[in-house]
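Novice: Sequence plus the predicted model coming up.
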Amino acid sequence: MSNNSSTKKRRVGGGGARVSIDGAGESGEGSELAAIKSMMQELVQQNRTQTNMMQSMQGKINNMQAEITQLTNKCDKTGTIISKLDDKLDVLEGSQKRVEDKLKYHDILLQNQNWKYSAPYPSRDYWSSSNLNGDDRAAKDFLRQIQQCTEKMRYGKGDGDILLTANLPYNQVFLPHWKEFANALQQYHYHLNHSTELQGNSGLYFLNVKLPDEVIDLLSKALKSSHFRKIKLESNNFGQRGIDFALKYLKNNPILKAFSLVDNPINSMDDINKLGEIVKEHPAIRDLQLHRCQGADVDGYEMLKMIMNAGKNKLMLVDLSSNNISTGESTFISDILVTNPLYALLLAGNKLDDQDAISIAEALKHNTNLRFLDLTRNSITKTGWMALRKAEFDDTSLNAAADSNHRCNIKYPLSWYTPVGVSRLGIDMSEMNGDRNQTKAFNSKCVRKKKIYTILSSRNRDCTNVGHFEGIPVEILPDMLHSIQNYSNYQVGDSNMSQGSGDVKPLSIVYEICRHWDESLAAFEALSS
């Protein structure tokens, strides 16, 4: 019993001890949960606090961004206002400069009213003893030209063209007159800038006038401010100094539209490249004429490529006549003609052949911009000319004629305009797309009508028109008869285009068709069946 009793005590004691331990464990776990819960609540509160702070900061950032946007807008408006003010200032400064220039111009005109030409003329004894080889009369005439041009510039008179022409060697007696001329030229820019009559028309021309280095130096200084719209230098015998002068003037004159060198050789490809760069960057140049300018060390074909590439989509007229250009088997010319907006291309007096002519003729089927083409005095035979003629006027059918090039006026060899020559070309081409002197192009719609009517007239002489109508539906025959009168009036749309001497009266063509009406009906019936 005592054993059992002690056992119970142990169990009870053991059980009491377990209860006590277990109770202590449950109490510890509760405090830990409470601590964790407290920590979580504290973290949630901190998160809320941080969220509120972030929201507050985001609000401040948004406000700052709005303020920045407002400031940016204000800056933009301020920049716009400043830009407008700068523009107004530029306008005012420009107006002020124009007023100052105008006042200066009038002041110069007033001063020049009392100006007198002072360059001395040589005595009669000088002329009789000079070494001009009988050209004393030409020399006197040249000096009178210089004086007239000088007075023209000093007094602000004339049309803006300054032209000197001569064909005699340079003489030192000319130098005082050149100095008078250069002094007048230097102040001539006031007249060029302020005369409304000269807008776009002023030109400077030295034709066959020999320009030695001392004269070139005078002109270079005088032309720094006098900007002409056109300049032509022909047969001036001025060498490298003159080429440098010409290129420099082209580069420094932003309003120059037409630049012409004739028979003034450019002797290096470096100068050709320089010319190309100037043309490429020039804001106004449209006409470039380099007739007979290929120098000793210049390849004519390379010269052609350089100029055409530099002036692509810019130049309207290119004259590279007499520059020893030979293309070999290259199709460069025809390739550039397909899309180039060039108005006139003058390549006379070179070494182009039938293959060049044929490829150019092919390009003209797609080119609707070119108005003048001169390939005369090349190595082109009848084969090449016939290809060009067919591109301009294909008279094999009415459709072919309608699809021909109606804008480009091709210049043919003069001998081909004789009665014998015309027969070599077929139908007379003397007035199709333009006049035979290549100075005027006709309206393309009028040209198309003329070509169609020319074919109808040619067939009418043999009464063969009806035989060509087999492919035409009978329903449009009345419209075709009505069109005959319309085509016959091609010259009405262009007053410069005259009625062709070989063209018959429209009634004759109508009569032909009506007279062979049964043949027409038979042809149409056969076609419909």
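Specialist: Looks like it came in fine.
Novice: ok, now how distant is S483 from I452?
Specialist: 8 Å (C-beta to C-beta, to the nearest Å). To be clear about C-beta, it is placed using only N, CA and C from the backbone, and glycine gets the same treatment.
Novice: which of the two has more neighbours?
Specialist: For S483 and I452, the more surrounded residue by other C-beta atoms under 10 Å is I452, and the numbers stand at 22 against 16.
Novice: Contact partners for N236?
Specialist: Residues in contact with N236 (C-beta atoms under 8 Å, 6 or more residues apart in numbering) are F206, N208, V209, K210, L211, G242, N264.
Novice: Assign it to helix, strand or coil.
Specialist: For N236, the assignment made with DSSP: H, G, I helix; E, B strand; the rest coil gives coil.
Novice: per-residue confidence at the closest residue in space to it that isn't next to it in sequence?
Specialist: Distances taken as C-beta to C-beta, 6 or more residues apart in numbering place L211 nearest to N236, at 4.6 Å, with adjacent residues excluded. At L211, the model reports a pLDDT of 96.
Novice: So L211, which state does it fall into?
Specialist: L211 ends up coil, using three-state DSSP.
Novice: That one and F238, how far apart?
Specialist: Counting by C-beta to C-beta, the gap from L211 to F238 is 4 Å.
Novice: Please list only the buried members of the contacts of N236.
Specialist: Listed as buried from the contacts of N236 are F206, V209, K210, L211, G242, N264; burial here means 16 or more other C-beta atoms under 10 Å.
Novice: Surely the third one is in contact with G239?
Specialist: No: if you go by C-beta atoms under 8 Å, K210 and G239 don't touch, sitting 10.9 Å apart.
Novice: you'd agree H177 is in a helix?
Specialist: Yes: when three-state DSSP is applied, H177 is found to be in a helix.
Novice: quick one, what contacts it?
Specialist: Shown in contact with H177 (C-beta under 8 Å, 6+ apart): A119, L143, I146, Q147, T150.
Novice: Correct me if wrong: the fourth one contacts Y117.
Specialist: The reference is to Q147. Yes: with contact defined as C-beta under 8 Å, Q147 reaches Y117; the gap is 5.4 Å.
Novice: Run a quick neighbour tally on D125.
Specialist: Count around D125 with other C-beta under 10 Å applied: 8.
Novice: and if you look at the one 4 residues further on?
Specialist: The burial metric for S129, expressed as a neighbour count using other C-beta under 10 Å, is 11.
Novice: got it, and L207?
Specialist: L207 has 15 nearby residues by other C-beta under 10 Å.
Novice: Which residue, other than its chain neighbours, is closest to it?
Specialist: T165 (4.2 Å).
Novice: Now do the same for that neighbour: its pLDDT.
Specialist: Model confidence at T165, expressed as pLDDT, equals 95.
Novice: ok, and for the helix or strand harbouring it, which residues are buried?
Specialist: Using DSSP states H and E, T165 falls within strand 161-168. Buried residues in strand 161-168, counting neighbours by 16+ other C-beta under 10 Å, are found at D161, I162, L164, A166, L168.
Novice: Return the per-residue confidence for the second one.
Specialist: Read that as I162. pLDDT, read off for I162, is 94.
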